[in-house]
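Undergrad: make a model of this:
(3 chains)
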Amino acid sequence: MTTAPAPAATLGSEVTIDRLSVNYGDFTALRDVSLTVPAGTTTALVGESGSGKSTLALAAGRILPPGASISGGSVTVGDTELTALRGKALREARGHTAAYLAQDASAALNPVIRVGKQIAEVHQVRCGASRAEAAELARQGLADVGIPDPDRVARLYPGALSGGMRQRVIIAIALAFRPQLLIADEPTTALDVTVQADILALVSRLQQQCGLTVIWITHDMSVVAELADHVAVLYGGRLVEHTDVLTLFEGARHPYTQALLTCFQSGRFAGPKQPFTTISGSPPVAGPPGGCPFHPRCPQADARCGTELPAPRRVGHDHTAACHRLEETP
Amino acid sequence: MARRIAVRILLGAFTVLAVVLLTFVLQYVVPGDPARSIAGPKATPEVLKEIRGQLRLDDPWWSQLGHYLSSVLQGDLGTSYSNDRPVLSLILERLPATAALAAAALVVELVLGGLWGMWEALRPKRSWLLATVNVGLLSMPVFSLGFLLLLLFGYQLPIFPIDGGSGPAQLVLPAITLGLMGSPYYANVVRDSMREALSSSYVRTAVSKGLSRRRIVSRHVLRNIASPVTTLIGMDVAVFLSGVVFVEKIFAWPGIGQMQTEAFADLDRPLLTGTVIVAAALVVTANLLVDLLRSAIDPRAASEAP
Amino acid sequence: MSTVPVTPPTATAPVATAASGPRPDQPRPAARATARTAGRRLWLTGLCLLGFLVVLALCTPLAGSPYTIHTDSLTSQGLPAGVGENGHLLGTDAIGRDLFARTLFGLRATLIIALTANLTSVALGAVVGLVAGFYRGWFEQVLMRIVDVFLSVPTVLSGLALASIVGRGTTGIIIVVTALYWAWTARLVHGETVRLRGRGFVEAALAHGVRRHTALRRHVLPHLSTILLNVAALNGAAVVVVGAGLSYLGAGIQPPTPELGNMLADGSSSMTYAPHTLFVPLVLVIATVLAFVLVAEGLNRRNPLSERRSWLDA
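TA: Next up is the predicted model:
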């Protein structure tokens, strides 16, 4: 563990994901993913589109879309085994145990309900606050996420807010639960760079203050570097590498992670005329191939990779990777 | 917002004016002598000439148009050929009966169509029975349904009186006919807009807040479908004003639809065109009101282009 | 970190795109395919029904001459349906005319009016909507205001007024129905054209110097054809109802020439003692409307919106 700042108040709990599998009908989106997020830390989930990172986040928040189902494994937040909950218990655990920050802030707010009301509703339903108390708490929540003039903003409809403001409102809603786990599904993708920086700074500050446990989904390695304590790399619905953030940037072991990092660095540091680096081939669409899901695109693949699924192996302190050829790579 | 309302009012006024012009053009270009229709085939040339003078039929067309426009603007839609009374007062006399019929039908279709649409939207799968009923009602011309209900509940099981009166008991069958006809449209709009809301990200947010099904539907979904339903009610005014013609004839309900059928039989042109002008004004007003109402319900509607 | 394949970006998929999470409003391919098959079955049924009715209408010479349909008889008034009795397959009407022959002639008249008026109103509306939507400017404003005017007059009320001016009979009613319905198509086609125009491929074509009407023909019309089919089906249903309805009110084809609408008027006055005189034309009107509605509904089923899944089922 690299960073574990002593939080002022610890809100977050440890999160254990154990051999979690998720299916969409016949299609397996996530297979046997195990992951532990220590209390009060941030784990980034990275991977390409279709790698299963959003599915993992939705499953951890127990808000998988209709048609998707958890076909095996468990998610435990603190003492609550989320995957065992049904009905009313599940409803109460949503938000309170694991709150979800959506990517599309403009669509995730109800366009015909005032912003303040959408936050206040959480307080009313969860802790039975009176209308006035809830409204006051909502204003407080808006101020906490750095919204100027919260009294005025609380009376606006989402359509009147900018993208960054809407994302702050979404964060305020999530925080209104005082959740044990905050799941952020690329919440800054749709924002421009300056606003993105503001939001990242806000989440960092909130995390320091309340000791939140965060699962942050992103495809942006600079966000990873800025925010994460640990990184989990997903490919084809499987966890291919899991380590702390320093080890990732200095000694990633899985060929896929290495390729991702090279792409990121070539995009960032290449000179003006340098071509971007890409990974040849494309991620599996119709279900992963046999063997290691990455083998069709892997430069180091041999016959074994095409037939046998590599199990995650410990390759260092707090560092696992799922690859047959680990001995041969530095 | 204020500018948007002003533009809408102007456009509405323009539409009604255009309808007035259209009725004038149609009467002016069409062959046939109104004086003869009034006086009958046996009238003497002197009588015809006198009537032509009264109706200014020998004036140039622009003078007739000016006179027509100014009298319409003053609320004078002319005099009925068949019973020699002002057209506007005839229409206003019949309008309450039609309004009562339309209001009752609106209640029927809102309740029926709304519940039906909501029920279908909340079901995970499409119901074949309801889909069939839906197609069946859509293919049922309004007069067919009227005949069936009339035969069934007017003659075979004489539950409701069909004596041409205008009381609440006589209102039931025509209102059910019109309401049943409209209900599949409401069911479809309610179902589709509710499905859209239920699959939206903001309902996902509501689910992730841990709200109950009932609260999600009543607080987060219904508000979003209020706007399309209101639009449909606005469009319904035009639909009702058409449908009533059949329903009023079949059930002998004394509204403007029945009057229009009679006016057609008598070739009473001032009454026929007067009804069209009043109906167009009603439709335009209704749409204006609906637009204002939508701006009040839905913050998104307020910023739409006029 | 040494053995990473470096390839130019053109041939490969981008590494990381903004991944939207799984959403329920994107139905899975299987569900969409089922909806398409069900839709095809529906509109094919509708088309078959319409074809059957047209063939039935074409059979009028077999059912009798224009003479037989006017032959009334004092002794065979309001006979019920039944083969063998006086050779009247569907019985007779209130004044003893053969109902079967009259119904076939009536169906033919109704179909001629409905199909022609549907064609003329959709064609006129499509041209106006297309021109207004594609060329824009003040021209569009004027055309669409005219469309608004026609949309704000209730159809049947104005249909009666219009019929009193243009006259009765087949041509008259076709003119009336066309005048009442073209604006609906115009508004739909206009909206769709404006939407298509805003799409990249039309703008790109125009930016590359493609002539306007070439862009219209190559890029807009093909997309509109599906919409037009749908509009024609819905409009057809409405036109049948209003065509027959106006005849029922006395504005269409005049008795004694049979038309389903005026047969309804006859039938409604004799329905208490000879209900079949009402039911036979009624069933045929409903069947005609049903044919159009089935086509429209079948085409509509392909719209995946109805297959969207609710978060409440999650």
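Undergrad: could you pull up phi and psi at the spatially closest residue to A:Thr97 that is not a sequence neighbour?
TA: For A:Thr97, ignoring the flanking residues on the chain, the nearest one in space by CB to CB, 6 or more residues apart in numbering or on different chains is A:Val77 at 4.9 Å. Just so you know, the C-beta spots here come from the backbone N, C-alpha and C atoms, and that holds for glycine as well. Listed backbone geometry of A:Val77 is phi -120, psi 120, with angles given as degrees, to the nearest 10.
Undergrad: and for A:Val77, the neighbour number?
TA: Other residues lying near A:Val77 total 26 when counted by other CB atoms under 10 Å in any protein chain shown.
Undergrad: show me the contacts for C:Leu58.
TA: C:Arg108 (CB atoms under 8 Å, 6 or more residues apart in numbering or on different chains).
Undergrad: list the helices and strands the lowest-mean-pLDDT helix or strand in chain C packs on?
TA: Of all regular secondary-structure elements in chain C, judged by mean pLDDT, DSSP states H and E, the least confident is helix C:60-63 with a mean of 71. Using 3 or more CB pairs under 8 Å, 6 or more residues apart in numbering or on different chains; DSSP states H and E as the contact criterion, the neighbours of helix C:60-63 among helices and strands are helix C:99-135.
Undergrad: the helix it packs on packs against which elements?
TA: Packed against helix C:99-135 by the contact rule (3+ CB pairs under 8 Å, 6+ apart) you find helix C:29-58, helix C:60-63, helix C:137-151, helix C:170-198, helix C:221-248, helix C:260-269, helix C:276-301.
Undergrad: lowest average confidence across these, which one?
TA: Least confident of the helices and strands packed on helix C:99-135, judged by mean pLDDT, is helix C:60-63 with a mean of 71.
Undergrad: what about the least confident helix or strand of chain C, distance to the chain center?
TA: Centre-to-centre, helix C:60-63 and its host chain are 27 Å apart (CA atoms, centre = their mean, to the nearest Å).
Undergrad: tell me which parts of the stretch 1-150 of chain B are close to chain A?
TA: B:Pro124 (CB under 8 Å from any CB of the partner chain).
Undergrad: indicate the residue of the stretch 1-150 of chain B located nearest to chain A.
TA: When CB to the nearest CB is the measure, the stretch 1-150 of chain B has its nearest residue to chain A at B:Pro124, with 7.7 Å between them.
Undergrad: so that residue sits right up against C:Ser310, yeah?
TA: Yes. Checked against CB atoms under 8 Å, the pair B:Pro124 and C:Ser310 is within contact range at 7.3 Å.
Undergrad: residues shared between the contacts of those two?
TA: Residues touching both B:Pro124 and C:Ser310 (CB under 8 Å, 6+ apart): A:Pro66.
Undergrad: the more surrounded of the two?
TA: Each of B:Pro124 and C:Ser310 has its neighbours counted (other CB under 10 Å); C:Ser310 has more, 24 against 10.
Undergrad: thought B:Arg195 was touching that one, still the case?
TA: Yes. With contact defined as CB under 8 Å, C:Ser310 and B:Arg195 form a contacting pair (6.8 Å).
Undergrad: which one's the longest helix in chain B?
TA: Scanning chain B for the helix with the most residues, using DSSP state H, yields helix B:87-122.
Undergrad: need the helix or strand of chain B with the lowest average pLDDT.
TA: Comparing helices and strands within chain B by mean pLDDT, DSSP H and E singles out helix B:34-39 as the least confident, with a mean of 66.
Undergrad: ok, then the element right after it?
TA: Following the chain from helix B:34-39 toward its C-terminal end, the next helix or strand by DSSP states H and E is helix B:45-54.
Undergrad: check the offset of that next one from the chain's centre.
TA: The offset between the C-alpha centroid of helix B:45-54 and the centroid of the whole chain comes to 38 Å, using CA atoms, centre = their mean.
Undergrad: next: stretch A:243-263.
TA: Offset of stretch A:243-263 from its chain centre (CA atoms, centre = their mean): 18 Å.
Undergrad: would you mark the buried spots in that stretch?
TA: Neighbour counts using 16 or more other CB atoms under 10 Å in any protein chain shown place A:243-245, A:247-249, A:252-263 of stretch A:243-263 among the buried residues.
Undergrad: how about stretch A:291-303?
TA: Buried residues in stretch A:291-303, counting neighbours by 16+ other CB under 10 Å, are found at A:Gly291, A:Cys292, A:Pro293, A:Phe294, A:His295, A:Pro296, A:Arg297, A:Cys298, A:Ala301.
Undergrad: so does that stretch get close to chain C?
TA: Yes. With CB under 8 Å from any CB as the threshold, stretch A:291-303 lies in contact with chain C, specifically through A:Pro299, A:Gln300.
Undergrad: and that stretch, how far apart are its ends?
TA: According to CA to CA, to the nearest Å, stretch A:291-303 extends 10 Å from its N-terminal end residue to its C-terminal end residue.
Undergrad: try stretch C:267-285
TA: Length of stretch C:267-285, first residue to last, CA to CA: 13 Å.
Undergrad: give me the number of residues near C:Arg199?
TA: The local packing count at C:Arg199 equals 12, with neighbours defined by other CB under 10 Å.
Undergrad: quick one: contacts for the residue nearest to A:Thr97?
TA: By CB under 8 Å, 6+ apart, the contact list for A:Val77 reads A:Ser13, A:Glu14, A:Val15, A:Thr97, A:Ala98, A:Gln180, A:Leu181.
Undergrad: what segments of the stretch 151-300 of chain B are helices?
TA: In chain order, the stretch 151-300 of chain B shows helices spanning B:168-198, B:201-208, B:213-215, B:222-250, B:256-265, B:269-297, with DSSP state H, counting those that start in this stretch as the criterion.
Undergrad: where does the stretch 51-200 of chain B have low pLDDT?
TA: Applying pLDDT under 70 to the predicted model, the residue ranges of the stretch 51-200 of chain B that meet it are B:164.
Undergrad: thinking again about what came up before, shared neighbours of C:Ser310 and B:Arg195, anything?
TA: Going by CB under 8 Å, 6+ apart, residues that sit against C:Ser310 and also against B:Arg195 are B:Ala121.
Undergrad: tell me the bridge partners for C:Asp98.
TA: C:Thr92 (DSSP bridges).
Undergrad: how near is it to chain A?
TA: When distance is defined by CB to the nearest CB, to the nearest Å, C:Asp98 is 59 Å away from chain A.
Undergrad: and the angle for the longest helix of chain B with helix B:256-265?
TA: Inter-element angle recorded for helix B:87-122 and helix B:256-265: 130 degrees (by axes from the mean of the first three to the mean of the last three CA atoms, to 10 degrees).
Undergrad: for the helix or strand just after helix B:87-122, buried residues please.
TA: Proceeding C-terminally, helix B:87-122 gives way to helix B:128-138 as the next helix or strand, assigned by DSSP H and E. For helix B:128-138, the neighbour count (16+ other CB under 10 Å) marks B:Leu130, B:Ala131, B:Asn134, B:Val135, B:Leu137, B:Leu138 as buried.
Undergrad: those into TSV, with extra columns for distance to chain C?
TA: Compiled in TSV, these are given as follows (distance: CB to the nearest CB, whole Å):
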residue	distance to chain C
B:Leu130	12
B:Ala131	8
B:Asn134	8
B:Val135	6
B:Leu137	10
B:Leu138	5
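Undergrad: number of nearby residues for A:Val214?
TA: Other residues lying near A:Val214 total 25 when counted by other CB under 10 Å.
Undergrad: distance of it relative to A:Ala174?
TA: A:Val214 sits 11 Å away from A:Ala174 when distances are taken as CB to CB, to the nearest Å.
Undergrad: okay, and the common contacts of those two?
TA: Common neighbours of A:Val214 and A:Ala174, using CB under 8 Å, 6+ apart, are A:Leu182.
Undergrad: from memory A:Leu261 sits against A:Phe249, does it?
TA: Yes. A:Leu261 is within contact range of A:Phe249, at 7.0 Å (criterion: CB under 8 Å).
Undergrad: for the residue nearest to A:Thr97, give me the pLDDT.
TA: The predicted structure lists A:Val77 with a pLDDT of 87.
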